[in-house]
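Peer 1: Starting from these lines, generate the structure:
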Amino acid sequence: MSKHRSNGKHQGKWRRVYDGLQTRAVAIAQDKPKLAGLLAQATRRADSRRARGLIGGTVEDLRLLFRMLHAWLGGRYRVPWKTVVAAVGAVLYFVMPLDAIPDVIFAFGLLDDAAVIAFVVSRIRKDLDSFREWEQTPSTGS
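Peer 2: A predicted model of the protein is given here:
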């Protein structure tokens with residue numbers, strides 16, 4: 001019975017973390033200067049991690065999220081609000097110094113970041129594929 005209660009306690013903790021992250025993601029998505037700052041910070045962090053090769057192919061999905069958010073932020077691309085919030089949440093989690101596995105734990109600290117990014121990408125795959133197609137169209141993309 002204590003094992004089951006413990007799982008409920010952990011689920012409650014993760015629910016609070018998720019709810020807090022979603023609330024922050026909505027607030028940041030509604031504040032264009034804050035979103036621009038978050039994207040700049042995340043880009044610097046992704047550049048440094050990519051140089052060390054710690055997040056592998058996940059960095060490409062992350063960069064796609066960055067580009068889509070930049071295009072949305074600049075008014076060049078329309079995307080559903082729920083997709084914006086999900087993408088901002090993933091970027092926010094990526095830059096958080098204290099997440100499920102602290103990033104200072106060499107290599108393992110990035111596993112949860114990669115998992116969150118992969119989860120969000122899987123949830124918004126259709127919108128990301130549409131963005132990638134739009135981006136590759138010479139008259140509309142970057």
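
Peer 1: For the chain, which element, helix or strand, carries the lowest mean pLDDT?
Peer 2: Least confident helix or strand, the chain: helix 2-29 with a mean of 71, by mean pLDDT, DSSP states H and E.

Peer 1: Quick one: mean pLDDT over the following helix or strand past it.
Peer 2: For helix 2-29, the succeeding helix or strand toward the C-terminus, using DSSP states H and E, is helix 32-52. Helix 32-52 shows a mean pLDDT of 84 in the predicted model.

Peer 1: any idea of the mean pLDDT for the next helix or strand after helix 32-52?
Peer 2: For helix 32-52, the succeeding helix or strand toward the C-terminus, using DSSP H and E, is helix 58-73. The predicted model assigns helix 58-73 a mean pLDDT of 92.

Peer 1: do stretch 113-122 as well
Peer 2: 84.

Peer 1: what sits against the residue nearest to the spatial centre of the chain?
Peer 2: The centroid of the chain falls nearest to residue 90 when counting by CA atoms, centre = their mean (1.9 Å). Residue 90 makes contact with 62, 65, 116-117, 120-121, according to CB atoms under 8 Å, 6 or more residues apart in numbering. C-beta coordinates here come from the backbone N, C-alpha and C atoms, glycine included.
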